[in-house]
Structure formats: structure tokens, C-alpha cells
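A.B. asks: Build me a model from this:
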Amino acid sequence: MNDSLQMIMLSSLWAVSLGLAGWYVLELSRQITYVTLADGRKMERSIPLLFKLILPLCPNMQPITNSAVMRKTVHETDKKLTAAGFEGIVSGQEFIGIRILFPVVMMMVWMLFIKMASFAAGPVSLLAKIEGPLIIMGLGLMVIYPQAWLANAVVTRHNSVRRSLPFVLDLLTLSVEAGMDFMTALQRNVDKRQLDALGEELLRVTREIQLGKTRRDALREMSKRVDLSELRSVINALVQADELGVSIGSILKIQADQIRQRRFERAEKLANEAPVKMLAPLLLFIFPSVFLILLGPILNKIFQSGL
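C.D. replies: As a prediction, this is how the structure comes out:
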């Protein structure tokens with residue numbers, strides 16, 4: 001009787017614990033993270049749910065992230081987070097803490113899952129035999145995932161800026177050639193266009209100039225934040241035109257043509273690389289499927305006649 005009562009109490013405690021953990025995860029998944037723009041507006045920025053779960057533990061990693069050895073890594077991570085648009089949401093120290101804790105925490109969950117699955121399948125099952133390789137593979141993926149997510153976020157934001165840049169330069173060129181000064185044209189462009197990655201950066205530039213920063217410094221800082229070669233070349237040309245007194249309208253037009261030409265060349269390069277990239281899935285999946293469809297009935301008849 002006492003044993004059964006202890007089992008009931010233990011099962012109840014496990015049920016309550018799992019229920020509370022599920023409720024906590026559900027509440028975290030409902031939370032929306034925002035980044036505050038230069039004009040006070042808030043834009044949604046989503047980070048993975050697993051990062052949200054580990055983020056409260058990151059202050060425990062401060063003795064490591066505050067060390068002199070990690071100073072350069074923290075600085076580079078801050079730059080990447082800013083380029084990805086997550087400035088003010090996750091700091092460089094916090095993200096390095098996530099990179100350290102993510103494999104540790106998730107590896108315990110992964111090992112528990114593998115152990116439970118292999119126990120349910122039986123000691124002689126295939127899952128029990130490949131348990132070690134699965135654990136090593138999971139560890140490798142968990143080590144790589146945080147950095148891969150950040151790199152993908154930077155690439156996604158850079159692609160958004162690349163798509164918008166020629167169109168924005170065309171609008172600025174038309175406005176300047178129509179007699180509007182550069183800052184008014186920039187402000188009009190920011191107000192009228194749908195806010196995207198480039199619009200967020202231009203909005204910050206206009207607000208910084210309104211607060212007293214020089215146009216050159218504001219543009220240079222935007223170039224450092226975004227860290228994109230196409231945008232850097234445009235800003236360098238604008239700064240040089242401002243210093244030398246050259247017409248900004250002609251500079252904008254030349255830069256728009258150059259960026260459009262680069263985009264065309266990049267599209268040609270990707271088109272030329274497509275057949276090579278399709279070769280691996282073609283060899284792995286399509287050819288075996290064709291052979292199976294063609295030779296399957298013949299092999300079936302051979303086996304039936306042999307039996």
C-alpha cells in the first residue's frame with residue numbers, strides 16, 4: 001500500500017513538473033521580441049525558441065565572456081548581430097553564452113531522448129546499435145547551430161538590402177535631379193516607402209543627422225553597421241562627392257547602374273552554378289529511382305522464376 005501511494009505521489013509530481021515546464025515553454029513561444037527603431041517604432045525580430053529558453057542562463061557565463069581572451073570574439077559577434085538586425089535584443093556576450101550553453105543543455109535532452117527511444121525499441125534493435133553515432137551527430141549539430149543561425153540571419157538581411165538598394169538609389173536620383181536636396185529626398189524616401197532593412201538604416205541616418213551628427217559620419221556608421229560591400233561602395237562615393245563638391249545626382253545614377261550590373265552578374269553566376277549543384281541530388285535520388293522503375297518488374301520476375 002505504501003509503495004503504491006509513493007508511486008502515485010511520484011507520478012503526480014512528474015506530471016506537475018512536466019505541466020509547468022510545458023506552460024513555461026508555451027509562454028516563451030508566445031513572447032514577441034522587438035527592436036526599437038530610430039523614430040521609436042518597434043519592429044518584430046524573432047529568435048529561436050531554444051535560444052529564449054537558454055537566454056536566462058547566459059549571465060552565468062559572464063566570467064568567461066568578460067575575459068580578455070573573449071574580447072575580440074565578443075566585438076565580432078556584436079558586429080554580426082547588428083548587421084543581422086538584432087541590436088538591442090541579444091548582445092554579443094549573451095550570444096556567446098548561448099553558444100556555450102546550447103550544446104550542453106540540448107545534449108542532455110538529446111541523450112535522454114535517445115536512451116528512452118532505444119530502451120523502448122529493445123536492446124537488440126538498430127537504434128540501440130547506432131546510439132553512439134546519433135549522440136555524436138547531435139552534439140556536432142548543436143555546436144554548429146547557433147553560429148549557422150546568425151550567419152543565415154546576416155545573409156538574409158544583406159539580401160534584403162541588395163534588393164532594395166537600386167530602387168532606392170533611382171528614387172533618390174530622380175528627386176535630386178528634380179531640384180530636391182539630398183536630405184529632403186532621403187527623408188521623403190524613408191517616409192513613403194514600406195519599411196524594410198534598408199529603410200530602417202536610412203531612418204536611423206536621418207534621425208542621427210537631425211540630432212546634430214554630420215552626414216558623412218552618419219553614412220559611414222551605417223556602412224559599418226550593415227557591413228555590405230555594395231552599400232559601402234555607394235556610401236564611399238557619396239562621402240567623396242560631398243567632400244569634393246561633385247553633383248550627388250550623377251553619383252547616385254552611376255552607383256545605381258553599377259549595382260544593377262553587379263546584381264545581373266551575380267544572377268548569371270548563380271545560373272551557371274545551378275547545374276553543378278543539381279548534379280548531387282540527380283545522382284543520389286533521380287537516377288536510382290529511374291533504374292528502380294525500369295528494372296523493378298524485370299528483377300521481380302527473375303526472383304519469382306528463381307524461387
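
A.B. asks: Need the contact partners of the strand or helix carrying R216.
C.D. replies: Secondary structure assignment for R216, by DSSP states H and E: helix 215-226. By C-beta atoms under 8 Å, 6 or more residues apart in numbering, the residues outside helix 215-226 that reach it are 79, 82-83, 87, 157-158, 161, 182-183, 201-202, 204-205, 208-209, 231-232, 235-236, 238-239, 242-243. Yep, even glycine has a C-beta here, placed from its N, CA and C like the rest.

A.B. asks: got any ranges where the stretch 151-300 of the chain has weak pLDDT?
C.D. replies: Scanning the stretch 151-300 of the chain for pLDDT under 70 picks out 287-288, 290-291, 296.

A.B. asks: Could I have the CA atoms of the helix holding R216 written out in PDB?
C.D. replies: Backbone C-alpha positions of helix 215-226 (Å, rounded to 0.1, in the frame of the first residue of the first chain) are rendered in PDB as follows:
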ATOM      1  CA  ARG A 215      26.000  63.500 -42.900                       C
ATOM      2  CA  ARG A 216      29.400  61.900 -43.600                       C
ATOM      3  CA  ASP A 217      29.700  60.400 -40.100                       C
ATOM      4  CA  ALA A 218      26.100  59.100 -40.200                       C
ATOM      5  CA  LEU A 219      26.600  57.400 -43.500                       C
ATOM      6  CA  ARG A 220      29.900  55.900 -42.500                       C
ATOM      7  CA  GLU A 221      28.400  54.500 -39.400                       C
ATOM      8  CA  MET A 222      25.600  53.000 -41.400                       C
ATOM      9  CA  SER A 223      28.200  51.400 -43.700                       C
ATOM     10  CA  LYS A 224      29.900  49.800 -40.600                       C
ATOM     11  CA  ARG A 225      26.600  48.600 -39.200                       C
ATOM     12  CA  VAL A 226      25.400  46.900 -42.300                       C
END
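
A.B. asks: So which bits of that helix are buried?
C.D. replies: Residues 215, 218-223, 225-226 are the ones in helix 215-226 that count as buried (16 or more other C-beta atoms under 10 Å).

A.B. asks: Now list the buried members of the contacts of helix 215-226.
C.D. replies: Using 16+ other C-beta under 10 Å as the burial test, these include 79, 82-83, 87, 157-158, 161, 182, 201-202, 204-205, 208-209, 231, 235, 238-239, 242 as buried.

A.B. asks: can you pull out the strands in this protein?
C.D. replies: Listed in chain order, the strands of the chain (DSSP state E) span 34-36, 42-44.

A.B. asks: show me where this structure has helices.
C.D. replies: Taking DSSP state H, the helices of the chain run over residues 2-30, 49-54, 62-65, 71-83, 92-121, 126-129, 131-177, 182-192, 197-210, 215-226, 229-244, 248-281, 287-306.

A.B. asks: Could you check the angle the longest one makes with helix 182-192?
C.D. replies: This points to helix 131-177. 130 degrees (axes from the mean of the first three to the mean of the last three C-alpha atoms, to 10 degrees).

A.B. asks: and helix 131-177 with helix 229-244, angle?
C.D. replies: Helix 131-177 runs at 30 degrees relative to helix 229-244, counting by the same axes, to 10 degrees.

A.B. asks: which one is the residue nearest in space to the middle of the chain nearest to, not counting chain neighbours?
C.D. replies: Among the residues of the chain, the one closest to the centroid is A153, at 2.0 Å (C-alpha atoms, centre = their mean). If the residues on either side of it in the chain are set aside, A153 comes closest to A84, at 3.8 Å by C-beta to C-beta, 6 or more residues apart in numbering.
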